[in-house]
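Q: Have a look at this fold, sequence not included:
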């Protein structure tokens, strides 16, 4: 999504058709479960197309955010708002920057599906990875804040905060490669690509030694963070629906893909003159992460593998979108743009694969 498209999805509007619920029942639940709550309550819906519908709850004293499972039948295990609430509560107990969770409701009788309510964190979201609204001499500090924050996440021992069972232990790369390869191979309508076929053959043979396990965010990008209104400081990391236990280098490399990512696909720095922008180089950023997390420098082959893996994973997702566009089950312009971007994502994955050799 380009920064212009993303910005258009920012903010709130009226609750969309099919997403309304009994606001009086929600207010009664909040009266009983949210300390300090005092109505009257007004409900707005965030414009973004999150898979878990998200609402802004406005009262005279405070605003809150509600995340819910979508109305109606959902796939088993999907839209797990209770997992999001669990990871937010656990991380919040360590001082990691996340929104405070006021309460989780597993009673469908209140608004028609499970939901949780968290604090509304006021600040800035940057949809463009070049941070164009930040003065040149301050940009490096914003990148340092992102780097320190993902390193802080990866320093946390999952067992120490009750998240030792938050995902399947071990063989993270092996399982992920198998999962996305299967999805790609089964969607015959979306076609085959020689680059993807090469990646599927090569990736399982190049997995780095060692099998680390940490809490991984899964979508750690600048536009999934709320920064302080005036300072280079992250107040809250958002969108934990892809979080699990996994390999920290996979999570960091997904974040560091921004250095190679074309900005019209996802918030990225591809093609930008980062020296002129005052942004650290990819190598400097990678080395800073290693220092911040307290690990030896990542070898070039291991890092190239992690980048290739993440572009492959993204390509498999876009390939699935292409299949849905072909079948007519994803007709939006956004989906068609994603499908059209697939060759460039595959090329970036292949480029990283070849850097390993």
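A: Great, that's in hand. Quick caveat, the model's predicted, so the values are computed rather than measured.

Q: Show the contacting residues for the residue lying closest to residue 281 once chain neighbours are set aside.
A: For residue 281, ignoring the flanking residues on the chain, the nearest one in space by CB to CB, 6 or more residues apart in numbering is residue 274 at 6.6 Å. In short, each C-beta sits where N, CA and C put it, glycine included. Residue 274 makes contact with 259, 280-281, according to CB atoms under 8 Å, 6 or more residues apart in numbering.

Q: neighbour-wise, which of those leads?
A: Compared across these, residue 259 has the highest neighbour count, 20 neighbours, by other CB atoms under 10 Å.

Q: Next, that residue: phi, psi?
A: phi -70, psi -20 (degrees, to the nearest 10).

Q: Run through the strands of this structure in chain order.
A: 12-13, 42-46, 54-58, 63-68, 101-105, 115-119, 214-216, 225-227, 234-237, 244-246 (DSSP state E).

Q: Check which helices and strands the first one sits against.
A: Which is strand 12-13. strand 42-46 (3 or more CB pairs under 8 Å, 6 or more residues apart in numbering; DSSP states H and E).

Q: Could you tell me the average pLDDT over the strand it packs on, please?
A: For strand 42-46, mean pLDDT rounds to 93.

Q: For the remainder of this discussion, apply numbering that starts at 26.
A: Yes, from this point I'll number from 26; that puts the last item at strand 67-71.

Q: And it, how far out from the chain middle?
A: From the chain centre to the centre of strand 67-71 is a distance of 22 Å (CA atoms, centre = their mean, to the nearest Å).

Q: residue boundaries of the helices in the chain?
A: 28-33, 48-58, 106-117, 164-180, 197-211, 219-227, 273-281, 299-302, 307-318, 325-352, 358-380 (DSSP state H).

Q: what's the closest of those helices to residue 134?
A: Between residue 134 and these, the shortest gap by CB to CB is with helix 48-58, which sits at 8.0 Å.

Q: Most tightly packed of the helices of the chain?
A: When you average the neighbours per residue for each of the helices of the chain (mean count of other CB atoms under 10 Å), helix 273-281 leads with a mean of 24.

Q: just checking, residue 340 touches residue 225?
A: No - in this structure residue 340 lies outside contact range of residue 225 using CB atoms under 8 Å: 10.6 Å.

Q: if we can go back for a sec, between the strands of the chain, which gets nearest to residue 295?
A: strand 250-252 (19.8 Å).

Q: if we can go back for a sec, dump the strands of the chain into a markdown table; add mean neighbour count as well.
A: Output for those, formatted as a markdown table (neighbours: other CB atoms under 10 Å):
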| stretch | mean neighbour count |
| --- | --- |
| strand 37-38 | 13 |
| strand 67-71 | 16 |
| strand 79-83 | 19 |
| strand 88-93 | 21 |
| strand 126-130 | 20 |
| strand 140-144 | 23 |
| strand 239-241 | 23 |
| strand 250-252 | 22 |
| strand 259-262 | 21 |
| strand 269-271 | 20 |
